[in-house]
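[1] need a structure here:
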Amino acid sequence: AALRCFIQQHRLKVLNVAGPRASDEPMIGKFVTKTLRAGLTGRMTAKRTPNALLVDDEEFIRSLYRELLPGFRVLEAASSEQALRIAKRHRFNLVITDFAHPGKLNGLGFMTAFKKAHPGARVIMSTGCRKRGLRSRALRLGADAFLAKPFTLATFLAIVDTVMSCPVRKRNCRYLRGSK
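    Model prediction:
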């Protein structure tokens, strides 16, 4: 029910994985979990569980991303300032951030400050903001991928998988982007 509500609220496009019936909704969760376990966690060779930081002012968005990242130890922040405080105490393999944050720093400011302290971390900027030049600016400032909302579930999984499997020395994986 949470996934369907999120899809309707944020007008996301999701592939018809199990059919249109309401009883099929648990199948979507099984598909997501199976896909993530087979793809994302299979490519991570670190002996420790990878850490992910989710930065978004909407709790519901953070909880959705948390559900889609079962192979990660996930920490969350509602603002850039809170995320930077958390980043002082932890190392992260993946950061998914929104552009619009409450407080002094927007997503680009946060990403710039975060990348200075953690140059090896992979960053995905995900936003529904249609500001002109935002995508190219985010990629130029160090985002490994830009995911424009609305996006499909398959696109999200593919981008996370590709970003996590991209060797550090060959980054940025700048060609990655969500559908418009």
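
[2] Every contact and neighbour count from this point should use C-alpha atoms.
    Fine.

[3] And the contacts of stretch 97-112?
    With contacts defined as Cα atoms under 8 Å, 6 or more residues apart in numbering, stretch 97-112 is touched by 54-57, 78-81, 84, 123-127, 129, 138, 141-143.

[4] if we go to 6 Å?
    Residues outside stretch 97-112 that contact it (Cα atoms under 6 Å, 6 or more residues apart in numbering): Val55, Asp56, Ser79, Ser80, Met125, Ser126, Thr127.

[5] any idea how far Phe146 is from the last one?
    Summarising the geometry, the distance separating Thr127 from Phe146, computed by Cα to Cα, to the nearest Å, is 8 Å.

[6] if we can go back for a sec, can you list which of the contacts of stretch 97-112 are found in helices?
    In helices, defined here by DSSP state H, the members of those are Ser80.

[7] and which of the contacts of stretch 97-112 is nearest to Ala154?
    Nearest to Ala154 among those: Ser126, at 14.6 Å, using Cα to Cα.

[8] Quick one: residues contacting the closest one.
    Contacts of Ser126 by Cα under 6 Å, 6+ apart are Thr97, Asp98, Phe146, Leu147, Ala148.

[9] top of those residues by neighbour count?
    Thr97 (31 neighbours; other Cα atoms under 10 Å).

[10] residues near the nearest residue to that one once chain neighbours are set aside, how many?
    Spatial nearest neighbour of Thr97, excluding adjacent residues (Cα to Cα, 6 or more residues apart in numbering): Val55 at 4.6 Å. Val55 has 29 neighbours, counted by other Cα under 10 Å.
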